[in-house]
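Asks: Dropping the sequence and predicted coords here.
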Amino acid sequence: MLYLIDGNNVMGRKRTRQELLSLLASFVYHKKAKVHVIFDGAPDPHHPEGSAYHGVKISYSQRGKDADSKIRNFVERASNPRQLTVVTSDRSLASYSKIHSVKHLETAEFLALIGEIKQKETLQKQDNKPQVKGELKEWLRYFGFEPHEADQD
């Protein structure tokens, strides 16, 4: 499955390109999915046209065009459109995708999916943290030191 991301649409006003790329990289890592993000406007000097960021392929619209046009062209050229998912809240692009047998995911749905991944990632990190405080007390007792009463739970 290849996800075509309408970059500026998913990025919204709250995120930078770099923040979105980091979110998408996490999605790629956890879902083992292919992701191609297309941004409106000029290329970022740190991430030029055709480059990749941790598995996320990066493209930009041509001068005078928006990302939607580039996504439409990608859909038209796809040999197997059923293997594509377009992520956007743009109604016109969503309709275009559906007409061409391409799956569509609303921006909010996609961000919720990323949120679930991030939540699982956080829980896994918490589960993997050693119980240092309890362990420390055990080692202190083992070596004959009694923890101060004030330090006891």
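Replies: Thanks, I have the structure now.
Asks: Extract the CA atoms of the helix-or-strand element of the chain with minimal mean pLDDT and return them as PDB.
Replies: Within the chain, judged by mean pLDDT, DSSP states H and E, the helix or strand with the poorest mean is helix 132-142; its value is a mean of 69. Taking C-alpha atoms only, helix 132-142 is exported to PDB below (Å, rounded to 0.1, in the frame of the first residue of the first chain):
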ATOM      1  CA  VAL A 132      15.000   2.000  39.300                       C
ATOM      2  CA  LYS A 133      13.600   3.300  42.600                       C
ATOM      3  CA  GLY A 134      12.600  -0.200  43.900                       C
ATOM      4  CA  GLU A 135      15.700  -1.800  42.400                       C
ATOM      5  CA  LEU A 136      17.900   0.800  44.100                       C
ATOM      6  CA  LYS A 137      16.400   0.000  47.500                       C
ATOM      7  CA  GLU A 138      16.900  -3.700  47.000                       C
ATOM      8  CA  TRP A 139      20.600  -3.200  46.100                       C
ATOM      9  CA  LEU A 140      21.100  -0.800  49.100                       C
ATOM     10  CA  ARG A 141      19.700  -3.500  51.400                       C
ATOM     11  CA  TYR A 142      21.800  -6.200  49.800                       C
END
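Asks: that's a helix at residue 104, yeah?
Replies: No: using DSSP: H, G, I helix; E, B strand; the rest coil, the secondary structure at residue 104 is strand, not a helix.
Asks: pLDDT score for it?
Replies: At residue 104, the model reports a pLDDT of 97.
Asks: List the residues that contact it.
Replies: Residue 104 makes contacts with 85-88, 94, 97-98, as judged by CB atoms under 8 Å, 6 or more residues apart in numbering. To be clear about C-beta, it is placed using only N, CA and C from the backbone, and glycine gets the same treatment.
Asks: sec struct for the most centrally placed residue in the chain, please.
Replies: Computing the C-alpha centroid of the chain and ranking residues by CA atoms, centre = their mean puts residue 24 first, at 2.3 Å. Classification of residue 24 by three-state DSSP places it in helix.
Asks: before we move on, the earlier item: tell me the helices and strands packed up against the least confident helix or strand of the chain.
Replies: If you count contacts as 3 or more CB pairs under 8 Å, 6 or more residues apart in numbering; DSSP states H and E, helix 132-142 packs onto no helix or strand.
Asks: This completes my enquiry, with thanks.
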